[in-house]
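In: Build the 3D model from these lines:
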Amino acid sequence: MSLKLPLIRIRILAQAGVLAAGLWASHAALSYEAIPAQAPQSKTQRALAKLQDMTDHVTSQASDLAVEAMSMLGIKYRYGGNTPDRGLDCSGLVQYVFKAALGTDLPRTSAEISRVGEKVDSHDLKPGDLVFYNTLRRGFSHVGIYLGDSKFIHSPSTGGEVRIESMNIEYWKKRFNGARRIIDPDAPEPQE
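Out: Okay, the predicted model is just below:
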């Protein structure tokens with residue numbers, strides 16, 4: 001039995017390596033471009049460059065979300081609001097930004113949105129992830145868009161306007177409910 005566990009780990013690591021190599025090779029085949037003459041690169045440098053290319057698409061989406069969200073700064077909060085012209089509540093902001101930036105339709109309420117995509121640990125947050133808070137004495141009653149560096153953008157409450165805040169403020173730290181990464185909004189997953 002003790003021999004079986006290391007063999008299983010080796011097999012899993014080998015499969016992960018084959019998968020990573022396959023992703024790298026398929027990406028390389030799809031994205032071949034003439035490269036100007038440069039000093040030769042090591043295999044590690046070439047692999048890292050290919051990995052960077054693969055992540056550029058994800059980074060571009062996060063950037064599009066951040067730019068669109070930041071264009072909403074100063075828009076007045078309005079309960080039930082889902083357009084910048086009429087005002088935005090927290091879920092209206094998230095819904096509007098995802099539709100405008102990525103063409104992605106999300107559910108209307110923060111509780112419904114909290115069941116879309118995949119769960120993300122707070123230490124694994126990336127720009128574009130959704131962060132959820134308990135602000136009305138019920139879970140997932142508030143949502144914002146993570147921007148990086150422990151900052152998120154949201155539409156707070158009556159009398160407020162869309163703004164950026166630190167997740168490290170005690171108010172938000174106490175009320176944090178979790179985070180989700182929107183991967184395929186048409187395939188809601190149960191809350192974990």
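In: what stretches of this protein score poorly on pLDDT?
Out: Where the chain drops to pLDDT under 70, the residues are 1-40, 50-58, 184-192.
In: and with 50 instead?
Out: Along the chain, the parts satisfying pLDDT under 50 run over 1-35, 184-192.
In: for the chain, what spans make up the helices?
Out: Taking DSSP state H as the criterion, the chain carries its helices at 4-30, 43-70, 90-102, 110-113, 170-175.
In: Run through who's touching the last one.
Out: Read that as helix 170-175. Identification of contacts with helix 170-175 by Cβ atoms under 8 Å, 6 or more residues apart in numbering yields 133-135, 142, 165-167. Heads up, the C-betas are built off the backbone N, CA and C, glycines and all.
In: Of those residues, which belong to strands?
Out: Using DSSP state E, the members of those that fall in strands are 133, 142, 165-166.
In: What is the nearest of the residues you listed to Met70?
Out: Glu165 (13.2 Å; Cβ to Cβ).
In: Out of the ones in strands among the contacts of helix 170-175, which is nearest to Val67?
Out: Looking across the ones in strands among the contacts of helix 170-175 and measuring by Cβ to Cβ, the closest to Val67 is Glu165, at 18.3 Å.
In: For the closest one, the count of nearby residues, please.
Out: Glu165 has 16 neighbouring residues, counting by other Cβ atoms under 10 Å.
In: Identify the bridge partners of it.
Out: Going by DSSP bridges, Glu165 is paired in beta bridges with Phe152.
In: isn't it right up against Ser155?
Out: No - under the criterion of Cβ atoms under 8 Å, Glu165 makes no contact with Ser155, lying 11.2 Å away.
In: Which one of the contacts of helix 170-175 is nearest to Arg86?
Out: His142 (19.7 Å).
In: Next up, the contacts around the closest one.
Out: With Cβ under 8 Å, 6+ apart, His142 has these contacts: 90, 110, 132-136, 154, 175.
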